[in-house]
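Enquirer: got a predicted structure here, sequence first:
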Amino acid sequence: MADTVSLRNACISDTSGQFVLRADDHGIRNALFETLEGGTPAALGWNVPAANYLILPWQGDEGRYGVFINERPPGSRAGFVQVDTDANNGAGIVVGGTTWYLENVTAKLTATTDSASTGYWVLQHDEEGDAFRAFHFTAEGLDTTPVVSHQGTSYLADVSPKENIDWYGQLNFNFQGDIVAAVKNGPSINTSKVELFHFNSQTGALQFMADIGAIYCYGMNIPSGSLQALLQGVDFDLSGRYMYVIRHQQFLVHSI
């Protein structure tokens, strides 16, 4: 097909597995890959290419979704968009435009359900310092007052025109929602690592759990000073007992 997708993007299907929505640098598009009314980057006020996207179902409303965007520097803003896919004769519309709720964030963006399964915690990390910010997203919308946890290693500020490697690397929850992993790349293989945190899905607070250095991930054999030492994605198996790390097209595993 002629349609294209940008490097950073997010999509979502309904509970029957049917494709519903996609967000990327071209805007927000429906299942027919048509741009939603009000869904162009210009209409939304997005600076693209962006750093990351996330789509979450709206609690209690099957046709409604929350779309999240993290911008790249120098803006580095976090934004939230409400989408109604049933409106406009099923073509979908953006409701109310973009709400910019946080500045100076990294590309790290993830979410998990809350303890009551009536909403989500959307997790971000400050561009500089050690602050994680968890935002509660429920049927009432996004609470823009975060739960702040100062945990783990401090990130370095971005220095234009170069972007700091702290800014990149995935942030992800396990399936159970009680552990979150953050890729923390350093200037060498000896300082690159994954940081693990306990997450309280009732309060939205994090607590540092452990460091797993890149050199200790099973199967790694990286030349010193190599750019291939940078860690990229991180995920967990369904049991939450094993963590998977991606480094330059290799999958590495570590027991938790």
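Expert: Great, that's in hand. Keep in mind that this is a model prediction, so the values were computed, not measured.
Enquirer: partner residues bridging residue 82?
Expert: Residues in a beta bridge with residue 82, per DSSP bridges, are residue 66, residue 95.
Enquirer: and for residue 74, the neighbour number?
Expert: The local packing of residue 74 (other CB atoms under 10 Å) involves 11 other residues. For glycine as for every other residue, the C-beta is placed from the backbone atoms N, C-alpha and C.
Enquirer: same thing with residue 150?
Expert: Neighbours around residue 150, by other CB under 10 Å: 12.
Enquirer: before we move on, what SS does it have?
Expert: strand (DSSP: H, G, I helix; E, B strand; the rest coil).
Enquirer: for residue 79, same thing?
Expert: Three-state assignment for residue 79 (three-state DSSP): strand.
Enquirer: what's the pLDDT at the residue sitting nearest the centre point of the chain?
Expert: Nearest to the mean C-alpha position of the chain, counting by CA atoms, centre = their mean, stands residue 109 at 2.1 Å. Looking at residue 109, its pLDDT stands at 97.
Enquirer: from what I see, it and residue 132 are in contact.
Expert: No: with contact defined as CB atoms under 8 Å, residue 109 does not reach residue 132; the gap is 11.6 Å.
Enquirer: re the thing from before, okay, the residue nearest to the centre of the chain and residue 182: tell me how far apart.
Expert: 11 Å (CB to CB, to the nearest Å).
Enquirer: what touches both of these two?
Expert: residue 171 (CB atoms under 8 Å, 6 or more residues apart in numbering).
Enquirer: quick revisit: name the residues contacting each of residue 109 and residue 132.
Expert: Here residue 109 and residue 132 have 123, 124 as joint contacts, going by CB under 8 Å, 6+ apart.
Enquirer: doesn't residue 88 lie inside a helix?
Expert: No: if the criterion is three-state DSSP, then residue 88 is coil and not within a helix.
Enquirer: ok, which stretches of the chain are helices?
Expert: Counting by DSSP state H, the chain has helices at residues 41-44.
Enquirer: ok, residue 22 - how many residues close by?
Expert: Other residues lying near residue 22 total 21 when counted by other CB under 10 Å.
Enquirer: got a pLDDT number for the nearest residue to it once chain neighbours are set aside?
Expert: Once flanking residues are discounted, residue 22 sits nearest to residue 11: 4.3 Å by CB to CB, 6 or more residues apart in numbering. pLDDT recorded at residue 11 is 96.
Enquirer: likewise the one 4 residues further on?
Expert: According to the per-residue confidence, residue 15 scores 87 in pLDDT.
Enquirer: do the same with residue 226
Expert: At residue 226 the predicted local distance difference test score is 46.
Enquirer: how is this protein divided into domains?
Expert: Annotated domains of the chain cover 1-103, 114-256 [automatic domain parsing].
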